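Visitor: Okay, here's the prediction I keep looking at, along with the sequence it came from:
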Amino acid sequence: MRRTRFSNVLFSSLVAAVVVACGGGSGGENGGGNLAGIGGTGITASGVITGFGSVFVNGIEFETDQAGILVNNTESNEGALRIGMVVTIEGTVNDNGVTGTANSIVYEAELVGPVSNAPVADPDNLTKTFDVLGITVVVERNSTVFEGDGFSNFGVDNIA
């Protein structure tokens, strides 16, 4: 049995794509993520990590020097985070609206399991559809973040 380990990044992206496809996304500024909180006293931001140097989520660069980071309920550090992961950040955003400070960053994989059917590509080979634990997942070549063998080389029994 051939197994390739795809990181949680892939499934964060997949779950986000499924949620958005099902109407679970919301519009908004800064990349369409959700911001909530009371006037400059604190925010909760949920979105996809798009960069590092700090952590960039929803167009905001969050400093992480003092942030507690949890990855799948395990204390971790920024090195465990990957571009494409959907995280929840609690912290503050500066008056400029593009920088802030994270107090905590939480990543929780929502779907991890074996691919149970051969991925089926669309005619242009831009998307693939497959099942994981009975859930149909659609990935896009140009927007899903892959680690390991990538878009072209995953198949049945790969852990995604």
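Guide: Alright, I've got the coordinates.
Visitor: quick one: Gly47 is in a helix?
Guide: No: using DSSP: H, G, I helix; E, B strand; the rest coil, the assignment for Gly47 is strand, not a helix.
Visitor: How many residues are close by it?
Guide: Residues near Gly47, counting by other CB atoms under 10 Å, number 23. Every C-beta, even on glycine, is put in place using the N, C-alpha and C of the backbone.
Visitor: That one contacts Met85, correct?
Guide: No: counting by CB atoms under 8 Å, Gly47 stays clear of Met85, with 9.9 Å between them.
Visitor: Strands of the chain, residue ranges please.
Guide: 34-38, 42-52, 55-57, 60-63, 68-71, 74-76, 86-93, 99-107, 120-121, 127-132, 135-140 (DSSP state E).
Visitor: ok, and for the last one, which residues are buried?
Guide: For strand 135-140, the neighbour count (16 or more other CB atoms under 10 Å) marks Val137, Val138, Val139 as buried.
Visitor: ok, now which ones touch the nearest residue to the second one once chain neighbours are set aside?
Guide: For Val138, ignoring the flanking residues on the chain, the nearest one in space by CB to CB, 6 or more residues apart in numbering is Thr129 at 5.1 Å. Neighbour list for Thr129: Pro119, Val120, Thr136, Val137, Val138 [criterion: CB atoms under 8 Å, 6 or more residues apart in numbering].
Visitor: can you tell me which residues contact the nearest residue to Phe62 once chain neighbours are set aside?
Guide: Once flanking residues are discounted, Phe62 sits nearest to Ala102: 4.0 Å by CB to CB, 6+ apart. Each residue near Ala102 by CB under 8 Å, 6+ apart is listed here: Ser54, Val55, Phe62, Glu63, Thr64, Ala67, Ile89, Glu90, Gly91.
Visitor: ok, which pair from those is furthest apart?
Guide: Ser54 and Glu90 (15.0 Å; CB to CB).
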